[in-house]
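J.: This is a predicted model, with the sequence first.
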Amino acid sequence: MNIKELEYFKTVCQHKSITKAAHALYMTPQGLSKIIKNIESEMGASLLNRTGTGISLTEAGAYLYAKLPEFLNSYHSICSEIRCIEQRQNHEIDLLSAYGILRLVTPECLVDFKKKYPHIKFNYREYPDRQVERLFQEGEGNVAFTVGNGLLKNTRATFMEKYEIKLLVNRQHPLSGRETVSIKDMEGEKLYIESSEFNIHNLILSQCRLAGFKPDIVFETSGFSLCHKMVQQNKGISVTVDFIFDDMKQDDLVMLPFEEGPFNWETYMLTREGKAENPDISLFHNHVMYWLEEIRKNSIQR
C-alpha cells in the first residue's frame, strides 16, 4: 500500500462509486477494485460494503476516510516543501497548466522567458483543469495556470484573464440568427463539451439543472478543438470562449451570449503560500503578467 493507493480510496469515498471514481482517475473499475482489495488485505479489515446497488463505508472504512485528509495533507506538505527546496536550489520552474491557457498566454511568452533567463530550468505539463488543481494540491509543480476561482488551499492566486463563455452553433443552425440564447435553448440539442475534469463542463451542467433539464451530451472531449470541429460539421452545439473562437477563425460558426450570464472562464496563476521566496518564480510571475498586459495593449499579438 502506498500514498497513491490511499488517494484512490479517498476518491472512491468521494464518488461513492468505484465506477465513477475509476472514470475520474482514468482507470478501469477492475483495476481500481483490485487496489481497494489490496488496501483491505494489508489493513486486515473490510473498508467497503459492496451491494448490487453500490457501495457504502464500513465502520473501519469511515474511520480511515475521516483520518485521511489530515494524514495526506501532512504528507503532501512535507513532500512539497522538500521539492520546493530542491527546485529553488536547482533554479527550476515546473509549470502545471490547464489546457487552453498556454494558447492564452502564447507559447512565445515561455520561449521569451527561457531566452532571457537561460540559467533557469523550465518544464511544463498540461492537464485538464481539475487534474491541475489535484496535482498542485498534492505538491506537484511550483507554479500552476488554472481555470476557476483560484481558491485552492495554501496557494497564492494571481488573476490573469477572463473570457465570457458562450454557446457555439453552426451558421446553419436555427439559433444562429439570434442575438442571445438562454440555457433552456440547449434542451434537446446534441451537446459536445469538455469532460467533467474541466470546470466549464460542471458550470454548464449546473446551469442546465437550474433550468430544469439534463443536457443531451453526445460526446465529452479533452479540449475545445474537437468541440469546434463537431459544431463546424453541424453535428451539434457546444460552448466556447472568445479568444479560442477568434484563434480558430472558422467563418461557419457563430458564438451567442447566454441571457442568464455572463458566465466566465477565469484564469489564475498559482504559487505556493508560506514557502521560502523563490526568486526564479517571482521572475516568471512578473514576466507572464507583463506579457499579458502587452497583449491587452496590442503591443504583442496573440
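T.: Alright, I've got the coordinates.
J.: And residue 184, how close does it get to residue 210?
T.: 10 Å (Cβ to Cβ, to the nearest Å). (C-beta placed from N, C-alpha, C; glycine too.)
J.: what residues are up against residue 69?
T.: Residues in contact with residue 69 (Cβ atoms under 8 Å, 6 or more residues apart in numbering) are residue 10.
J.: just residue 10 next, same as before
T.: Residue 10 neighbours (Cβ under 8 Å, 6+ apart): 65, 68-69, 72.
J.: Any chance of a PyMOL selection covering the buried ones in those?
T.: Command for PyMOL, covering only those of the contacts of residue 10 found buried under the criterion 16 or more other Cβ atoms under 10 Å:
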select buried, resi 65+72
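J.: Among the contacts of residue 10, which one sits closest to residue 50?
T.: residue 65 (15.8 Å; Cβ to Cβ).
J.: excluding its backbone neighbours, what's nearest the closest one?
T.: residue 13 (4.7 Å; Cβ to Cβ, 6 or more residues apart in numbering).
J.: Name the SS class of that neighbour, please.
T.: For residue 13, the assignment made with DSSP: H, G, I helix; E, B strand; the rest coil gives helix.
J.: What pLDDT does the model give it?
T.: The model reports residue 13 with a pLDDT of 92.
J.: Near it, how many other residues are there?
T.: Neighbourhood size, residue 13 [other Cβ atoms under 10 Å]: 21.
J.: residue boundaries of the strands in the protein?
T.: Secondary structure of the chain, counting by DSSP state E: strands at 48-51, 54-57, 92-98, 121-127, 143-147, 155-170, 190-194, 216-221, 238-241, 253-256, 263-272.
J.: tell me which residues in the first one are buried?
T.: Pointing back at strand 48-51 there. Buried residues in strand 48-51 (16+ other Cβ under 10 Å): residue 48.
J.: just checking, what packs against that strand?
T.: strand 54-57 (3 or more Cβ pairs under 8 Å, 6 or more residues apart in numbering; DSSP states H and E).
J.: And the contacts of the strand it packs on?
T.: 12-13, 16-18, 47-49, 65.
J.: what about that strand, average pLDDT?
T.: 88.
J.: Direction included, what does that strand pair up with?
T.: When pairs are called by DSSP bridges, strand 54-57 turns out to pair with strand 48-51 (antiparallel).
J.: Touching the strand it pairs with from outside, list them.
T.: Contacts with strand 48-51, where a contact means Cβ under 8 Å, 6+ apart, come from 12, 36, 40, 55-58, 61.
J.: can you tell me the average pLDDT over that strand?
T.: Strand 48-51 carries an average pLDDT of 88.
J.: Keeping just the C-alphas, turn it into CSV.
T.: Extracted C-alpha coordinates of strand 48-51, given in CSV (Å, rounded to 0.1, in the frame of the first residue of the first chain):
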residue,chain,number,x,y,z
LEU,A,48,-16.4,-1.1,1.8
ASN,A,49,-19.8,-2.7,1.9
ARG,A,50,-20.4,-3.9,-1.7
THR,A,51,-24.0,-4.4,-2.8
